[in-house]
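[1] Output the structure for:
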Amino acid sequence: MNNQTSRNRPSPTLLGSVLALGVTMGLHSAAAARDDVTHSQCSPDARVCFAVTTVDGIPSYTVTRDGRQVIAPSALGFMLRGAGKWQHGVKLGEATRTSHTETWEQPWGESRLVTNDYREIRVPMVEQVRDRRTIELVARVFDDGVGFRFEFPEQAQLADVRIDEELTEFDLATDGGEIEAWWIPGGEWNRYEYLYRNTPAREVGTAHTPITFRRADGLHIAIHEAALVDYAAFWLQRVEGQRFRTRLAPSSQPWKVRRAAPFATPWRTVLIGEDAPALYAAADMFLNLNEPSRIDDLDWFTPHKYVGIWWGMHLDIWSWNDGPKHGATTENALRYIDFAAEHGFGSVLIEGWNRGWWSESGRDFRFAEAYPDFDMDRVAAYAKAKGVEIMGHHETAGNAGLYERQLEDALDYYAAHGVRSVKTGYVADAGMVLREDPDGTEQWEYHDGQFMVRHHAHVAERAAEHRIAINAHEPVKDTGLRRTWPNLVTREGARGTEYMAWGAPPNPPDHEPTLLFTRMLSGPFDLTPGIVSLEGRDGRPLPNTLARQLADYVAIYSPIQMAADLPENYARFPDALAFIEQVPVDWERTRVLAGEIGEYAVVARQRRGGEDWWIGGITDAHRREIALDLAFLPAGTRYMAEIWRDGEGGGIEGDRFAMVREKRPVRAGDRLILTMEHGGGFAMSLRPAE
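    Residues are numbered from 1 along each chain as shown. Prediction:
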């Protein structure tokens with residue numbers, strides 16, 4: 001489905017534009033009112049407005065909502081290698097405006113249909129000094145946020161563009177109170193795998209995006225980027241107070257980005273919501289700012305749940321490399337295939353089957369050669385006979401250059417064995433990704449620098465050609481590129497369940513309620529839930545409950561979801577296994593019914609193509625009673641609710657395994673009172689009653 005209209009026309013939201021203009025000019029000098037041009041554009045509902053102006057020749061922009069500033073006047077500009085600072089002596093040209101409305105269908109996702117409705121403004125920004133270099137600013141204004149980017153047109157005076165730094169700023173406008181932030185540090189050794197900090201915005205250092213803010217008046221704001229293509233990702237660096245500036249991820253080269261004009265930067269985005277659930281609902285904007293799919297035929301991939309040879313390595317009972325503890329043996333693979341076939345799992349992940357583990361910087365990896373104790377031909381044939389697929393694994397230890405050299409052989413090998421999805425990995429400290437120049441010189445890159453952004457796009461394109469989906473770990477952050485390359489089905493880019501095994505420290509109960517309104521705004525996350533044993537390495541207790549492990553399957557979206565525990569542990573908890581077997585992974589629509597960042601969340605999702613709904617509730621370390629309003633169900637239909645909830649005396653301070661499984665008849669408008677114990681939660685299915 002793809003119904004759309006796109007046409008040039010004046011914006012119908014004159015009142016909103018005037019409000020935005022008035023607020024913007026009111027904060028500038030008198031010279032701005034006399035001499036500086038301001039162009040503005042408002043959203044389809046006229047509530048969100050974007051304005052760009054110049055003050056003393058320096059371009060800046062503002063974002064307002066209902067006439068009140070969200071982003072105060074914030075500077076724009078670039079540091080260009082060999083061409084100086086592009087920021088002074090700028091004059092705005094004539095603005096052009098368009099509108100666009102469409103509804104498009106995701107092949108899989110949080111919601112099947114996505115509405116894309118925005119008003120666009122395009123403004124040339126021309127230097128009046130040097131060589132009169134021109135950069136065009138393009139902004140798209142949605143009802144729940146703004147995306148803007150810079151387009152470098154073809155011009156003799158700016159053809160080979162080398163960017164040392166982008167000077168885009170985000171000055172958060174305060175309502176008079178403190179602004180809170182939820183963030184992880186950018187540029188540190190562990191990439192994106194940090195616990196989120198909750199601090200005043202004025203205490204943020206350098207942060208990864210998405211970063212989420214909450215004003216004292218309750219307004220929620222998230223800053224991120226969309227359509228990160230052939231460019232360095234940005235970290236958000238606080239300059240002073242609550243004013244932030246982009247800081248591009250470093251490169252091995254003297255510059256951070258090099259492009260030949262014409263080209264466009266990624267979109268710089270400001271997401272706005274009345275509360276945390278509204279912010280999550282607004283995140284379709286990231287998809288809408290990406291180009292449509294480049295893959296015509298996607299019938300070869302189906303969203304599914306998987307099991308795999310994985311958790312045993314994190315428990316240190318198996319190893320990735322060959323030897324007496326090797327996990328990826330033929331016998332173990334056949335056993336997992338039997339388990340998957342018996343319980344309806346779509347694929348089996350096999351990590352550590354190929355030669356090369358663990359070599360310094362991944363120099364010895366061989367992506368199409370098995371260890372002697374693993375027979376790929378036999379395993380693949382057995383899986384096919386059982387109706388189960390193999391999920392491949394390509395760990396690189398950060399050696400992206402070696403992986404690229406072997407990529408075609410590796411993908412050919414998997415395609416020949418019927419492998420339709422691959423988990424890739426780039427385990428290396430930040431700044432320790434290895435590449436090679438054509439002359440053989442080794443260079444070191446960041447996971448989110450321009451080289452790796454190009455690398456991930458290249459892997460996605462080549463994998464699509466081989467009809468293979470990618471689950472990227474230690475990736476570059478998600479920016480909605482799964483719309484263009486739907487075979488980028490999920491990724492890591494946050495602390496996953498493996499930290500629960502290591503216990504250094506484990507993910508606390510507030511981790512997932514924080515992820516939902518920060519990292520999860522950007523796209524799917526391969527959390528790898530389902531640890532029903534609630535034990536990590538050496539028997540360390542997980543700060544979770546059994547019901548909470550089930551709730552994560554609904555709360556944290558991914559079109560492939562792992563049942564991560566050992567098969568023998570599922571035999572001990574048949575009620576938990578029953579939920580994992582039944583819960584879908586692909587959705588018709590999603591609604592966050594309630595939630596606060598870092599505290600709790602209740603998420604409802606309707607099975608794609610079905611009438612049944614599934615609900616997951618998760619809480620932090622506090623016990624909560626939830627009044628679940630079923631008003632979202634269609635009127636007049638009776639449902640049978642099946643509930644998996646924390647039992648009496650449960651929670652992380654009590655019996656973590658205490659869980660009640662029960663059924664209740666319900667209908668639209670009913671209110672269910674449910675208790676989530678400390679660190680716990682609940683999971684629920686709602687099926688039309690016969």
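[2] wait, doesn't Y196 sit right on T514?
    Yes - under the criterion of C-beta atoms under 8 Å, Y196 lies in contact with T514, with a separation of 4.6 Å. C-beta coordinates here come from the backbone N, C-alpha and C atoms, glycine included.
[3] who touches both of the two?
    For the pair Y196 and T514, residues contacting each of them under the criterion C-beta atoms under 8 Å, 6 or more residues apart in numbering are W182, G598.
[4] Next, the buried residues of stretch 573-591.
    Residues of stretch 573-591 classed as buried under the neighbour-count rule (16 or more other C-beta atoms under 10 Å) are 573, 576-580, 583-591.
[5] ok, then the element right after the helix or strand hosting R238?
    Assigning secondary structure by DSSP states H and E places R238 in strand 234-240. Once the chain leaves strand 234-240, the next helix or strand it forms, by DSSP H and E, is strand 243-248.
[6] Need the contact partners of the helix or strand immediately after that next one in the chain.
    Tracing the chain C-terminally past strand 243-248 and defining elements by DSSP H and E, one meets strand 257-260 next. Strand 257-260 is contacted by residues F152, A159, D160, V161, R162, I163, D230, Y231, A232, L248, S251, Q450 when judged by C-beta under 8 Å, 6+ apart.
[7] what pLDDT, on average, does strand 257-260 get?
    Mean pLDDT, strand 257-260: 98.
[8] Next secondary structure after that strand?
    On the C-terminal side of strand 257-260, the closest following helix or strand by DSSP H and E is strand 263-264.
[9] Sheet partners, orientation included, of that following strand?
    Taking DSSP bridges as the criterion, strand 263-264 forms sheet pairs with strand 145-152 (antiparallel).
[10] what's downstream of the strand it pairs with, the next helix or strand?
    strand 160-166.
[11] Can you tell me what sits against the helix or strand following that next one?
    From strand 160-166 onward toward the C-terminus, using DSSP H and E, the following helix or strand is strand 169-172. Taking C-beta under 8 Å, 6+ apart as the criterion, the residues outside strand 169-172 that touch it are 60, 70-76, 179, 201, 213, 221, 223, 236, 239, 242-246, 270.
[12] Surely I470 is in a strand?
    Yes - the assignment for I470 is a strand, going by DSSP: H, G, I helix; E, B strand; the rest coil.
[13] As a check, name the ranges of all strands in the stretch 551-690 of the chain.
    Secondary structure of the stretch 551-690 of the chain (DSSP state E, counting those that start in this stretch): strands located at 560-562, 587-596, 600-607, 613-619, 624-629, 638-646, 659-667, 671-676, 681-688.
[14] Now do the buried residues in the fifth one.
    If I follow you right, that is strand 624-629. Per 16+ other C-beta under 10 Å, strand 624-629 contains these buried residues: R624, I626, L628.
[15] want to try a markdown table for those residues, with pLDDT and distance to G523 as columns?
    Converted to a markdown table, the buried residues of strand 624-629 look like this (pLDDT from 0 to 100; distance: C-beta to C-beta, whole Å):
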| residue | pLDDT | distance to G523 |
| --- | --- | --- |
| R624 | 98 | 27 |
| I626 | 96 | 27 |
| L628 | 97 | 27 |
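[16] so which of those residues would you say is closest to W311?
    R624 (29.1 Å; C-beta to C-beta).
[17] Can you list the strands that the longest strand seen in the chain pairs with?
    Identified as the longest strand of the chain according to DSSP state E is strand 113-127. Strand 113-127 sits in its sheet next to strand 90-92 (antiparallel), strand 96-105 (antiparallel), strand 134-142 (antiparallel), going by DSSP bridges.
[18] tell me the angle of that strand relative to strand 587-596?
    Angle between the axes of strand 113-127 and strand 587-596 is 70 degrees (criterion: axes from the mean of the first three to the mean of the last three C-alpha atoms, to 10 degrees).
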